[in-house]
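In: Sequence plus the predicted model coming up.
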Amino acid sequence: MHVLVVPSWYPTTEAPLRGIYFAEQAQILHDHGFTVGVVYPEQQSLRHLSWDALRRKHFQTAWTTNHDVPVLRRYGWNVWWRAPPGMRVRVRHAVRLAHQYVGRHGVPDVIHAHSARWAGAAAARMSDALDVPFVLTEHFSGFVRNEIFPWRWPLVETAYRHAHGRAAVSSVLKDALAEYGLAAPNEIAVHPNPVRAALFARPPDGRPAPPPFRLVTVAGLNPRKNVGDLLEAFAQAFAGSEAASLTLVGDGPQRGALEDHARRLGIASQITFRGRLERTAVRDALWNAHAFVLSSRYETFGVALVEAMATGLPVVATRCGGPEDIVTDETGRLVPTEDPEALAEALRTMREQWASYDPNDIRAYVLDRYGPEPFVRRTRSFYRHARAAAP
């Protein structure tokens, strides 16, 4: 089956991990016998604009390849940031890229848009132009947070009205879409993101023995990830004790403030800020830990959570949306959002009980639900139903 993928966000040279799961999903499908291509009208933030950057990205179109998956990009700049013309222009560019893609690789059997932020509307136009069904998978947490700009709603409604198949990556996101009236609940499937099982495997040489008890999180250092509450919880649970440590993998606008916060809490010597890491280095950080913690205010899924669990780690996570679908009593603990006291208590309990969790069972649970094989089965069925539903 030939699939053309249209992601609303995707890795770039400036942000190589942004939307990495879309690239990895395309690779998984390719590895399982699908013919896959990607079109992406890239729009760089004007904050990165310089003469050197403009020489590299000057509104040109170019082919690249990502693990044998052809990617056709238009390198542009987000002149109309957060304004209606910007999304409409992006939709038009995406449709033009689709026609160029077809000229080289032929007409796909199905178009797969990721998120209705703009890619869904673009896929609807491609579907009409090419007479090909399209499906839409929603990832965007703005539907849960009620943060959709009013002028975006016509694009969103167009995507959901015309899609031949609709899915969300978690139950909470499905419920939000239904509450908005974008589709009936029975018209929205729950299709979670997959995990790269071969990369995020059990550590071949085991984990280091405590002490210290080593916690790790992988998160952007921004308000939505709420790492400040994690630092406060860690301080309540372990301040002044070298028997516990916390590694933060990720970067963002709050890094400096969070480093200052750790110093004020008296836990700076127990906290390690690793910054943004490549995928193998992220895995190595997980291998070096005893438990994973996620403190987000909102998550529509929780890719970092299932990656940690795939390595056999037990987890502590907030009830912020996606984790409620993922975490069970056998794999970890759930706590309320924005409650450092409850999070601190869960961290203390995890330190006492982490060895009672079976890492093989945790990994098996993840692979059964989020491994490449179940992802491919769900996706193949999704496409077949869409093709059958198309007029």
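Out: Arrived safely, thanks for sending. Residues are numbered from 1 along each chain as shown.

In: mind giving me the domain ranges of this structure?
Out: Per the record, the chain has its domains at 2-194+371-389, 213-369, by automatic domain parsing.

In: what ranges do the strands span in the stretch 101-250 of the chain?
Out: Using DSSP state E, counting those that start in this stretch, the strands of the stretch 101-250 of the chain run over 110-114, 134-138, 165-168, 189-190, 213-218, 244-249.

In: Can you say which of those is nearest to Asp52?
Out: strand 244-249 (29.3 Å; Cβ to Cβ). Quick note: C-beta positions are derived from backbone N, CA and C, even for glycine.

In: Quickly find the element holding Lys377.
Out: Quick fix: residue 377 is Arg, not Lys. Per DSSP states H and E, Arg377 falls inside helix 372-389.

In: which helices and strands sit right next to that helix?
Out: Contacts defined by 3 or more Cβ pairs under 8 Å, 6 or more residues apart in numbering; DSSP states H and E place helix 372-389 against helix 20-31, strand 110-114, strand 134-138, strand 165-168.

In: of all those, which lies closest to Ile271?
Out: Taking the helices and strands packed on helix 372-389 one by one with Cβ to Cβ, helix 20-31 is closest: 25.4 Å.

In: I'd like to know which elements the closest one is packed against.
Out: strand 2-7, strand 35-44, strand 61-66, strand 69-77, helix 372-389.

In: And for that helix, what's in contact with it?
Out: For helix 20-31, contacts defined as Cβ atoms under 8 Å, 6 or more residues apart in numbering pick out 3, 5, 7, 9-11, 36, 38, 66-69, 114, 193-194, 196, 279, 303, 372, 375-376, 379.

In: Could you check how far the helix holding Arg377 is from the centre of its chain?
Out: In this view, helix 372-389 has its centroid 20 Å away from the chain centroid, taken as Cα atoms, centre = their mean, to the nearest Å.

In: any idea of the angle it forms with strand 2-7?
Out: Angle of helix 372-389 versus strand 2-7, following axes from the mean of the first three to the mean of the last three Cα atoms, to 10 degrees, is 100 degrees.

In: Tell me which residues of helix 372-389 come out buried.
Out: Neighbour-count burial for helix 372-389 flags 372, 375-376, 378-379, 382-383, 386-387 (criterion: 16 or more other Cβ atoms under 10 Å).

In: all helices for the stretch 201-350 of the chain, in order.
Out: 227-238, 255-265, 279-287, 303-310, 323-326, 340-353 (DSSP state H, counting those that start in this stretch).

In: Many thanks, we can stop here.
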